[in-house]
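S.K.: Need coordinates for the below:
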Amino acid sequence: LAGTVSWTNSSGGDWNTATNWSGGAIPGASDTVYIDLAGSYTISLSGGATVSRLELGDGASGTKTLNLNSGTFVAPNGIVLNADGVLGVGASVVVQSSVLNQGSVAFSGDNSSCTSAFTNQGTVEVNRNSQISGVFTNVSGAELIIRHTNLCCFAKLTLDSGFVNEGTISFEGDVNRTNFVSELAINNGILVNASSGVIDFSPARGNSILRAVLDNQGTVNVSTRPASIIASYANGIYSNSGTVNVQTSNLTWNLGTGGSLTNTGDITINAARTLTIQNGSFNYNSGLISGAGQMAFSSVSADFAANLPNVATSFTSSIVTGPLLLQQKNISTNNTTWNAPGWLIADSTAVSAVANNTFNSVITNQGSFTVLERPNVWNGNFNNEGQLEVQRDQSTMNGAFTNVSGAELIIRHTNLCCFAKLTLDSGFVNEGTIS
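M.R.: Alright, predicted model coming up:
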């Protein structure tokens with residue numbers, strides 16, 4: 001018969017000891033279980049159990065801890081943790097129950113899992129390889145912590161589906177080795193970081209990975225150690241309408257095959273730090289990208305409707321499009337095709353062209369443009385109002401070239417190459433200097 005069973009031993013003890021329970025019997029499959037005796041104590045359960053429902057904690061003072069050490073714990077009508085409830089999930093433990101957590105849950109054992117819906121209103125910490133296959137919810141004020149420790153080089157939580165994060169997701173670590181990683185992996189759907197949501201890549205040691213398609217409407221912070229956002233499936237649609245702060249370490253954002261990232265928010269990159277965008281396409285529609293650091297694009301199709309980022313930028317094996325591009329910070333370009341109709345290189349700004357670049361844009365150079373390697377081809381017109389320097393051969397201009405008064409064209413061989421050569425397809429009127 002269905003009944004109510006309560007814990008009675010204020011010193012804690014073994015779940016499977018009958019005298020620890022009201023009625024002198026171990027709870028059964030039809031029982032609602034309350035662990036709400038006043039005080040602080042720890043209960044251990046090995047081998048699993050089945051009950052109807054479990055409520056852990058009474059919301060008062062003290063800490064009521066239940067450690068699931070092994071086996072499968074089944075509660076068809078749910079597990080509720082009040083503010084003073086602590087649930088420890090050990091190695092290979094399976095929780096077959098929905099969970100409403102207002103206290104604290106620790107996935108401390110390898111291959112532990114929860115198969116039903118999990119609503120976090122408190123704190124969840126993952127220290128090993130764990131999985132939640134039901135719908136996960138992280139409400140405002142709640143925190144999900146992925147933390148590797150000195151006991152294991154890898155802490156990973158895998159979720160079967162995306163969710164809306166209104167609280168905090170923290171990546172933390174205790175061991176300063178590059179192979180020690182804290183990872184959150186989302187196999188399907190999108191991680192929506194809501195306006196109240198915070199994603200903190202802030203481990204004191206080790207590295208962090210978010211393997212998910214991310215829609216950031218809130219705040220992403222990167223500090224202390226390198227972090228990566230990696231595609232969990234092809235053709236993912238990423239967006240940033242919130243804030244990304246690359247503070248005291250670097251962030252790599254790999255969009256994967258067919259992935260796209262649209263930015264309408266703010267990105268700040270601090271000095272000596274780099275935000276790298278890899279693969280897929282990047283659309284800079286609005287917002288502000290700024291800072292004393294650097295943005296790097298690798299194998300990306302980049303469209304800059306809102307002009308080039310206001311940070312030092314490098315392009316490798318990429319395609320650049322957009323309207324008239326205004327460049328205000330230094331750029332390095334290598335094996336990249338420039339298809340924007342126009343490109344204005346502002347005064348006191350430098351371009352370094354390495355090798356295999358094709359410039360189909362009409363370029364107005366008011367700063368400095370240096371050709372370091374070969375080959376490079378200009379199919380659009382080049383209006384030089386600043387300084388253009390060519391240090392290698394196989395540099396060809398098929399469009400019209402203009403060298404205005406006060407501008408300088410320099411052909412300079414260096415100790416890196418015996419030959420510097422610029423080939424123009426047609427003559428021009430030189431009003432400046434050719435050196």
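
S.K.: SS state for S10?
M.R.: In three-state terms, and counting by DSSP: H, G, I helix; E, B strand; the rest coil, S10 is coil.

S.K.: Show the model's pLDDT score for it.
M.R.: As predicted, S10 sits at a pLDDT of 96.

S.K.: L288 reaches N310, doesn't it?
M.R.: Yes. The criterion here is C-beta atoms under 8 Å, and L288 meets it with N310 at 7.1 Å. For the C-beta atoms, the positions are set from N, CA and C on the backbone; glycine is no exception.

S.K.: The two - which one has more neighbours?
M.R.: Using other C-beta atoms under 10 Å, the more surrounded residue of L288 and N310 is N310, with 18 against 14.

S.K.: What distance do you get for the more buried one to T268?
M.R.: 10 Å (C-beta to C-beta, to the nearest Å).

S.K.: any common contacting residues for the two?
M.R.: S290 (C-beta atoms under 8 Å, 6 or more residues apart in numbering).

S.K.: pretty sure V362 is touching W378, no?
M.R.: No. V362 is beyond contact range of W378, at 9.8 Å (criterion: C-beta under 8 Å).

S.K.: Common neighbours of these two, please.
M.R.: With C-beta under 8 Å, 6+ apart, V362 and W378 have common neighbours G399.

S.K.: Could you list the low-confidence segments of the chain?
M.R.: For the chain, the stretches with pLDDT under 70 are 1-2, 175-178.

S.K.: Which strand in it has the most residues?
M.R.: strand 288-298 (DSSP state E).

S.K.: and the following helix or strand past it, which residues are buried?
M.R.: The first helix or strand that comes after strand 288-298 along the chain, using DSSP states H and E, is strand 301-304. If you call a residue buried by 16 or more other C-beta atoms under 10 Å, then strand 301-304 has these buried ones: S301, A302, D303, F304.

S.K.: For the second one, list each beta-bridge partner.
M.R.: To tie it back to what came earlier, the one meant is A302. Beta-bridge partners of A302, counted by DSSP bridges, are F282, V320.

S.K.: Report the contact partners of it.
M.R.: A302 neighbours (C-beta under 8 Å, 6+ apart): I277, S281, F282, N283, Y284, F315, S318, I319, V320, T321.

S.K.: From W378, how far out is it?
M.R.: Distance from A302 to W378, by C-beta to C-beta: 19 Å.

S.K.: one step back: from the contacts of A302, which would you call buried?
M.R.: Of these, these count as buried by 16+ other C-beta under 10 Å: I277, S281, F282, N283, Y284, F315, S318, I319, V320, T321.

S.K.: so which strand or helix has the residue nearest the centre of the chain?
M.R.: The residue lying closest to the centre of the chain (C-alpha atoms, centre = their mean) is I229, at 3.3 Å. Counting by DSSP H and E, the element that carries I229 is strand 227-230.

S.K.: next helix or strand past that strand?
M.R.: Immediately after strand 227-230, counting by DSSP H and E, sits strand 237-240.

S.K.: which other residues reach the next helix or strand after that following strand?
M.R.: Counting by DSSP H and E, the next helix or strand C-terminal to strand 237-240 is strand 243-246. For strand 243-246, contacts defined as C-beta under 8 Å, 6+ apart pick out 216, 218-222, 251, 265-270, 273-275, 291, 293.

S.K.: Separate out the buried members of those.
M.R.: Using 16+ other C-beta under 10 Å, the buried ones in these are 216, 218-222, 251, 265-269, 273-275, 291, 293.

S.K.: Looking at these, which are in strands?
M.R.: Per DSSP E, the subset of those in strands is 216, 219-222, 251, 266-269, 274-275, 291, 293.

S.K.: Dump these into JSON lines; add distance to V390 as well.
M.R.: Listed next are these as JSON lines, based on distance: C-beta to C-beta, whole Å:
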{"residue": "N216", "distance to V390": "42"}
{"residue": "T219", "distance to V390": "45"}
{"residue": "V220", "distance to V390": "41"}
{"residue": "N221", "distance to V390": "43"}
{"residue": "V222", "distance to V390": "38"}
{"residue": "L251", "distance to V390": "35"}
{"residue": "D266", "distance to V390": "38"}
{"residue": "I267", "distance to V390": "34"}
{"residue": "T268", "distance to V390": "35"}
{"residue": "I269", "distance to V390": "31"}
{"residue": "T274", "distance to V390": "28"}
{"residue": "L275", "distance to V390": "31"}
{"residue": "G291", "distance to V390": "31"}
{"residue": "G293", "distance to V390": "29"}
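
S.K.: okay, now V139: neighbour count?
M.R.: 16.

S.K.: now do S133
M.R.: 16.

S.K.: and if you look at G173?
M.R.: 25.

S.K.: Equivalent analysis for N150, please.
M.R.: Using other C-beta under 10 Å: N150 sits among 10 other residues.

S.K.: Quick check: the gap between it and T257.
M.R.: 36 Å.

S.K.: And S202, by the same measure?
M.R.: For S202 relative to T257 (C-beta to C-beta), the value is 30 Å.

S.K.: cool, and L151?
M.R.: From L151 to T257 the distance is 36 Å (C-beta to C-beta).

S.K.: re the thing from before, output the buried ones among the contacts of A302 in a markdown table; the columns should cover distance to N179.
M.R.: Below are the buried ones among the contacts of A302 laid out as a markdown table (distance: C-beta to C-beta, whole Å):
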| residue | distance to N179 |
| --- | --- |
| I277 | 25 |
| S281 | 32 |
| F282 | 30 |
| N283 | 35 |
| Y284 | 34 |
| F315 | 31 |
| S318 | 30 |
| I319 | 35 |
| V320 | 36 |
| T321 | 39 |
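
S.K.: Just give me the closest of these to T17.
M.R.: I277 (57.8 Å; C-beta to C-beta).

S.K.: mind checking how far that closest one is from N193?
M.R.: 18 Å.

S.K.: tally of neighbours for A25?
M.R.: Neighbours around A25, by other C-beta under 10 Å: 12.

S.K.: Contacts only, for it.
M.R.: Taking C-beta under 8 Å, 6+ apart as the test, what A25 contacts is V5, A18.

S.K.: Now with 7 Å, please.
M.R.: For A25, the contacting residues are A18, by C-beta atoms under 7 Å, 6 or more residues apart in numbering.

S.K.: ok, now how distant is it from T19?
M.R.: 10 Å.

S.K.: And I289, by the same measure?
M.R.: 66 Å.

S.K.: Equivalent analysis for T243, please.
M.R.: Distance from T243 to T19, by C-beta to C-beta: 56 Å.

S.K.: Compare these two (neighbour count), which wins?
M.R.: Counted by other C-beta under 10 Å, T243 and T19 do not tie: T243 has more neighbours, with 18 against 11.
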